[in-house]
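Undergrad: Turn this into a model:
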Amino acid sequence: MSVYVWELPLRIFHWSLAVCIIVAWLSANVFETLHRVAGYTSIALVAFRIVWGFAGSRYARFYRTLPLLRIAPRYLVKFGRGRAGAYIGLNPAGAAMLVASLALVLISAISGWMQITIRFFGVDWVEELHTWSSYSLLVLAAIHVVGVAIASILQRQNLPAAMITGRKRRRFYRFPKR
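TA: Numbering: from 1, shown residues only. Down below sits the predicted model:
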């Protein structure tokens, strides 16, 4: 038996943002137009996700994310010991990853756009901000992939498939207390 968790717009957002990040990384300093399109698309996707955080299904809404952020450090300790438990929507680590990823995508994309404006063209701190936020985003993406793989093993659940189909196998879930 499975539970419908991730609706189609959220899944499209997730995979589209992943593609944009990969395209932006591979096209940097090589295909500038493609790089810019990936950056602008990323901004639009984050804007969509912010709206969807208030208008989407219950598992996509930010009000469910905030309580998870408070317990994320404790969850990560338990996760490291292999005893974190399963959540039907985002787990606390996923909630922290969502917030950090959205912030880094915006910082990277906006600082990239700033570099091509007359006011900020050639300004060192803008270039450094773009470089460091982009590298940080890649590190975060790698941590995300590894974390999803480990969580899939620990929970005996194919989490990437859930982000494709929108459905998770029903198991014993913990729900955050309000």
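
Undergrad: When you work out contacts or count neighbours from here on, use the C-alpha atoms and nothing else.
TA: Fine.

Undergrad: mind checking how far residue 100 is from residue 30?
TA: 27 Å (Cα to Cα, to the nearest Å).

Undergrad: Settle it for me: which of the two has more neighbours?
TA: Neighbour count, other Cα atoms under 10 Å: between residue 100 and residue 30, residue 100 has more, with 14 against 10.

Undergrad: Let me see the confidence value for that one.
TA: pLDDT for residue 100: 96.

Undergrad: and residue 3, what does it touch?
TA: Residue 3 is in contact with 167-170, counting by Cα atoms under 8 Å, 6 or more residues apart in numbering.

Undergrad: Need the contact partners of stretch 12-24.
TA: Counting by Cα under 8 Å, 6+ apart, 34-36, 38-39, 41-42, 45, 48-49 sit against stretch 12-24.

Undergrad: circling back: what about the contacts of residue 3, which one has the most neighbours?
TA: residue 168 (21 neighbours).

Undergrad: Show me what that residue is bridged to.
TA: Beta-bridge partners recorded for residue 168 (DSSP bridges): residue 3.

Undergrad: I'd guessed it sits against residue 88; true?
TA: Yes: Residue 168 is within contact range of residue 88, at 7.4 Å (criterion: Cα atoms under 8 Å).

Undergrad: quick one on the thing from earlier: could you export the contacts of residue 3 as CSV, including distance to residue 3 and pLDDT?
TA: Shown next, in CSV, are the contacts of residue 3 (distance: Cα to Cα, whole Å; pLDDT from 0 to 100):
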residue, distance to residue 3, pLDDT
167, 5, 89
168, 5, 86
169, 6, 80
170, 6, 72
